[in-house]
Every structure is written in structure tokens, then in C-alpha cells.
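Participant: turn this into a model:
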Amino acid sequence: MTDHKPIKTVSIIGLGAIGSFFAFQLQKVLGDRLRIIAGGERKERLKRDGVTVNGVNYHFHIVSPDQDCGGDYPDLAIIITKFPVLSQAIQDIKNQIGPDTLIMAPLNGVEAEDMVASHYGWDNILYSLAKVSVVMKDGQASFKPDAARIEFGEKRNTVITPRVRAVRELFESAGIRCVIPEDMERAIWFKYMCNVSENQSAAVLGISYGAWCVSEHANFIREALMREVIAVAGKKGISLTEEDMAKQVRVLEAVPPGNKPSTLQDIEAGRRTEVEMFGGTMVRMGRELGVATPYNEMFYHAIKVLEQKNEGLF
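Facilitator: Numbering: from 1, shown residues only. Sure, this is the predicted structure:
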């Protein structure tokens, strides 16, 4: 099997919670060969203030979306924005995408790869997801690197392809834990099931991760949301089970109890959430597939009410 060339240059768009994790780790091995794509006021702010991760301030190599690479395309592009601005991010990173640039979009949800592929085709896309519990407070990100990981690969990974191996070598050299699941599509849906249940219920109830380790009532709600994802996934030929739900319980026990899912952090900070990608997408897919999703519909509307409250509608 022919080796893929080493990954020596990486472009990232999106320097929020998870994006900061990638940038923090990758700059250690790439230096200025790590490019952060940002324009306008955001570019000026990043140049001026940098980004604080785990108490240390970092300044990255910032590149405007309209800046031409001059043919010096990155080997890997990582799109790691919030889902509501994914369409804009896909446009903003276009000058970084060359014919051989690998693309990863480890966002929440189950539709990121489809959206990226609609613009750039499937040939250079790797499936991916990030599992990083990040606390964002006053614009500063904190996380435990040894508890974070990225899962990625081809859609099926019965054999590790050269390009997957090349990305794994880069990530491991940067101290990023890697997992290459045999079935990436199923792995993405498993994370989606966890996100749909934990993010939505935490946002509405105002609870941190520790609640699910002590409250059977909090778990009843979380599990009801999960089972609706299992039903929708099954209609799409993706097998998620009660055993997967039990596996997530063990994961929750290892999360610092005071950590909060990102949707709750968004509500508390007065930001728009990713609820369209969680409950909104679940309700839409459920209707298309003939699967009832009453819990997701209720939590979707509840979070929309909280957003409207934050916006001063009432």
C-alpha cells in the first residue's frame, strides 16, 4: 500500500472551544505551519488578544479568508465551527482547499460531512468527531488533554488507509489521542445520540454532568431522548442499542461533575445554540422516516423559548 505524504501544514477555521483544543495541541509541532482562518474584527481580536487555553495565552498564525495560498495549500483542513455557521465556514475556507487537501469537519451532528462534500466532493473527506469536554468562561478554554480524543477515518476502516495513517501520525505527535473506529458512521451517530440527550436536557433543566450520576429522574429524560435517536438511526440502517446507552453511563461517570454541556453554556452566556442540529434535525428526520420524536420536539421548543428569553423577546 502506497504511503500518503506526511501532514506538514494544517488550516483550521473555528477557534471556539474545540477549535482551541486542536490549535493548542497542533501549534506545538507545526508552529506557523498551522494557519487559523479568520477575517474582520475576529481576525484583529485574535491577533491582539490571542487565545487563552488552560491558563496560557497563545498567538497563532492568522490568515484571512480572502487571502490566496499562492498554490501553497495545506495538507489538512479542519472545519470546527458551531453548526449554525458551517455553511459560511465552508465558503471562508475555500482558498485553503487544494486538489490534495484532506478535509475533516468534527462538528456535532450527523450532517457535516454531507454539507462539506456538497461543495468539495467526497474524494478528500475523512469522517471525524471530537470528544473533548471543554469549559469556556470569559473567553478562556480549559480542558484535560489526556481525557480528550478525536475519532476519525474513512467511512469504514477495516483497513487503515495511508491518508488515515498520516493524519494519525500528526495527531499523535501533537499529543492528541486518536481512535479509528471500524464503522465511523456508527461512531458519529453514537456521539449524536449522546449530544442530543445531554445537551438538550442540560440546557432546559440547568444541570451539569454530575446530575446524571445521582438522579434517576435526570436519567429518565436523557434516556428517553436517546431512544428516539436510536429509532431514527435504525430507520437509516445504523444500529444503536441499549448497550450503547449503558456504555455512555460509564463515560459520564468520568466527566468532572461540574462540567456543563455546550448548549447549557450557550444559554447561560446568552448565545444562540445548536438546537436546530439537535432537536430540530431529529424532528425533521423523524417526520421524513415516520418515527415519532415527542421528547425531542418538546426540548427543541423549550430551548427556542430560552433563546428568545435571552434575546429579550419577553
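
Participant: tell me where the protein has helices.
Facilitator: Assigned helices in the chain, in chain order: 17-30, 40-49, 86-92, 112-120, 162-173, 184-205, 216-235, 242-254, 262-269, 281-289, 294-310 (criterion: DSSP state H).

Participant: of all the ones you listed, which one is nearest Ile103?
Facilitator: Minimum separation from Ile103 across the helices of the chain (CB to CB) falls at helix 112-120, 5.9 Å. (Glycine included, C-beta is placed from N, CA and C.)

Participant: got the angle between that closest one and helix 184-205?
Facilitator: For helix 112-120 against helix 184-205, the angle by axes from the mean of the first three to the mean of the last three CA atoms, to 10 degrees is 120 degrees.

Participant: which ones are touching the nearest residue to Leu107 once chain neighbours are set aside?
Facilitator: Sequence neighbours aside, Phe83 is the residue nearest to Leu107 in space, at 5.5 Å (criterion: CB to CB, 6 or more residues apart in numbering). Residues near Phe83 by CB atoms under 8 Å, 6 or more residues apart in numbering: Leu107, Asn108, Gly109, Ala112, Glu274, Glu276, Met277.

Participant: quick one, which of those are buried?
Facilitator: Buried members of the contacts of Phe83, counted by 16 or more other CB atoms under 10 Å: Leu107, Asn108, Gly109, Ala112, Glu274, Glu276, Met277.

Participant: would you confirm that the fifth one contacts Lys82?
Facilitator: Spelled out, that is Glu274. Yes: with contact defined as CB atoms under 8 Å, Glu274 and Lys82 form a contacting pair (6.0 Å).

Participant: so where's the stretch 51-200 of the chain uncertain?
Facilitator: Residues of the stretch 51-200 of the chain that meet the criterion pLDDT under 70 lie in 139.

Participant: reformat the contacts of Phe83 as JSON lines; add distance to Ala231.
Facilitator: Listed next are the contacts of Phe83 as JSON lines, based on distance: CB to CB, whole Å:
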{"residue": "Leu107", "distance to Ala231": "23"}
{"residue": "Asn108", "distance to Ala231": "20"}
{"residue": "Gly109", "distance to Ala231": "18"}
{"residue": "Ala112", "distance to Ala231": "22"}
{"residue": "Glu274", "distance to Ala231": "21"}
{"residue": "Glu276", "distance to Ala231": "20"}
{"residue": "Met277", "distance to Ala231": "18"}
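
Participant: just the closest of these to Gly175, please.
Facilitator: Nearest to Gly175 among the contacts of Phe83, with distances taken as CB to CB, is Leu107, at 22.1 Å.

Participant: touching, the closest one and Thr81? I think so.
Facilitator: Yes: contact criterion CB under 8 Å: Leu107 and Thr81 qualify, at 7.2 Å.

Participant: closest one to Val63 among the helices of the chain?
Facilitator: Taking the helices of the chain one by one with CB to CB, helix 40-49 is closest: 8.5 Å.

Participant: how far off centre is that closest one?
Facilitator: Centroid separation between helix 40-49 and its chain, computed with CA atoms, centre = their mean, to the nearest Å, is 23 Å.

Participant: who does that helix touch, helix- and strand-wise?
Facilitator: Contacts defined by 3 or more CB pairs under 8 Å, 6 or more residues apart in numbering; DSSP states H and E place helix 40-49 against strand 61-63.

Participant: next one: Glu172 from Arg287, what distance?
Facilitator: 43 Å (CB to CB, to the nearest Å).

Participant: before we move on, what about Ser173?
Facilitator: Counting by CB to CB, the gap from Ser173 to Arg287 is 46 Å.
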